[in-house]
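Participant: Please find the sequence and the predicted model below.
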Amino acid sequence: MKDLQKLHYFEVPTVMKHGLGAVKYLPGELALLGVKKPLLVTDQGVVKAGLLDSVTKPLKESSINYILYDEVVFNPPLATVARGTEKYNQEGCDGLVALGGGSAMDAAKAIGVEIAHGEPILEYECAEGKKELCNRIPPLVCIPTTAGTGSEVTLWAVITDPEREYKFNCGGPLIAAHLALVDPLLHLSMPAEITAGTGMDALCHAIECYTCAYAQPQTDAVALLAIEYAGKYLRRAVAYGQDVEARYHMAMSSLLAGLSYGSESAGAVHAMTQTMGGIFPVHHGIAVGATLVPVMEYNWLGEPAKYARIALALGKPVIGMNEREAALVAVEAVRELAEDIGIPRLKELGIKETDITRLAEEAFNDPQTIGNPRDLSVEAYEQIYRRAF
């Protein structure tokens, strides 16, 4: 049973608006936030996919003077954040628009922290001896072009410190976006591989947050629907990118899974993949997809009733099964999904077997280890990594 003596809280500082063509409402939303000169934070992938015009066109039509910062890379490092902060200050911006996946949105949040506090984001790492956020970031509108991280609604930004080869978290209600503007039409050009990886990230957020030690009724509710949507629509979105219904529901799965994070953390998968992403240039969603099933194999014993409920959310006929049987069905259902959409093994991502010992030690020290539903050790992490390898 969860610690009922602890004072739990669930806060959603972000307004959420969504719909097909929602991005055309951006100028009016910026006006409501009092933003006249936003810094538009994005990456070259978004630019090359032709998605930038969908945002800049309505801005130009409304005579909104924006400043483009398109230098974000995946697993954004400290230098990327610092350059964005410098540009924001030099150009006299008064707000932020993030267009892209988790990297662009996290970079924009981190830029906001530096603007609001006048210090590098590293000073506000969620770690002992670091400072806590005390100022709200400038008005931020997040427009996701992928359906995975849910960063448009989370209270977190994940940034890479190359010197330590480490991805760290900065978080709390003060870092959250002011508005999540979700337009599934922006997801239609997403390649199948990215659709698969980001979709597994959304599913993983929901499964980990539903089963972790920090779960509470509010997060359970959104997590279960996120799982249901991913189980029903992810294959369709991967198979046919122009399937608007599938794209819409995967966008909602991502958003709901992001809400399921609440104010705490996830579990072993994110401890493992954040560790990998700090050391190796791996796509976070695909790494999540490669490690989710081995972690579920290990974790189901800690929350068998919830794993049985996951199987039900994934549409599996578990009525009449005992709890153990139904829990294992959930593991197999996610294994089938990962195989169907072509999620690779770790060795196909360039991870070597000789890397496993270091990865296991680093993952064990990650803060997200604490909330995992089954006790972990360095040896347990080694076992899971080898299963994923």
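Facilitator: Done, it's in.
Participant: and stretch 121-141, how far out from the chain's middle?
Facilitator: 18 Å (C-alpha atoms, centre = their mean, to the nearest Å).
Participant: my guess is Ile279 contacts Glu165, does it?
Facilitator: Yes - contact criterion C-beta atoms under 8 Å: Ile279 and Glu165 qualify, at 4.7 Å. Using the backbone N, CA and C atoms, a C-beta is placed for each residue, glycine as well.
Participant: Looking at those two, which has the bigger crowd around it?
Facilitator: Counted by other C-beta atoms under 10 Å, Ile279 and Glu165 do not tie: Ile279 has more neighbours, with 17 against 14.
Participant: okay, now Glu71: neighbour count?
Facilitator: Count around Glu71 with other C-beta under 10 Å applied: 16.
Participant: which SS class is it?
Facilitator: Recorded secondary structure, Glu71: strand (DSSP: H, G, I helix; E, B strand; the rest coil).
Participant: Just give me how far stretch 133-144 sits from the chain centre.
Facilitator: Using C-alpha atoms, centre = their mean, the offset of stretch 133-144 from its chain centre is 16 Å.
Participant: Only C-alpha atoms, please: export that stretch in CSV.
Facilitator: Backbone C-alpha positions of stretch 133-144 (Å, rounded to 0.1, in the frame of the first residue of the first chain) are rendered in CSV as follows:
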residue,chain,number,x,y,z
LEU,A,133,13.2,27.3,-8.6
CYS,A,134,11.7,30.5,-7.1
ASN,A,135,10.5,32.4,-10.2
ARG,A,136,7.9,31.5,-12.9
ILE,A,137,9.4,31.2,-16.3
PRO,A,138,8.4,33.7,-19.0
PRO,A,139,5.1,32.8,-20.9
LEU,A,140,5.7,29.6,-22.8
VAL,A,141,3.5,28.0,-25.4
CYS,A,142,4.5,24.4,-26.3
ILE,A,143,3.4,23.0,-29.6
PRO,A,144,4.4,19.3,-29.9
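Participant: tell me the mean pLDDT over that stretch?
Facilitator: Mean pLDDT, stretch 133-144: 98.
Participant: buried residues in it?
Facilitator: The neighbour-count check on stretch 133-144 (16 or more other C-beta atoms under 10 Å) flags 133, 137-144 as buried.
Participant: Stretch 33-51 now?
Facilitator: Neighbour-count burial for stretch 33-51, counted by 16+ other C-beta under 10 Å, picks out 33, 35, 38-43, 45-46, 49, 51.
Participant: ditto for stretch 342-352
Facilitator: Neighbour counts using 16+ other C-beta under 10 Å place 343, 346, 349, 351 of stretch 342-352 among the buried residues.
Participant: Looking at those, which is nearest Met272?
Facilitator: Nearest to Met272 among those is Leu346, at 9.6 Å by C-beta to C-beta.
Participant: quick one: that closest one from Arg324, how far?
Facilitator: Leu346 sits 28 Å away from Arg324, going by C-beta to C-beta, to the nearest Å.
Participant: which SSE is Asp220 in?
Facilitator: helix 217-239 (DSSP states H and E).
Participant: The helix or strand just after that helix vs helix 217-239, what angle?
Facilitator: Using DSSP H and E, the next helix or strand after helix 217-239 towards the C-terminus is helix 244-260. Angle, helix 244-260 to helix 217-239, by axes from the mean of the first three to the mean of the last three C-alpha atoms, to 10 degrees: 150 degrees.
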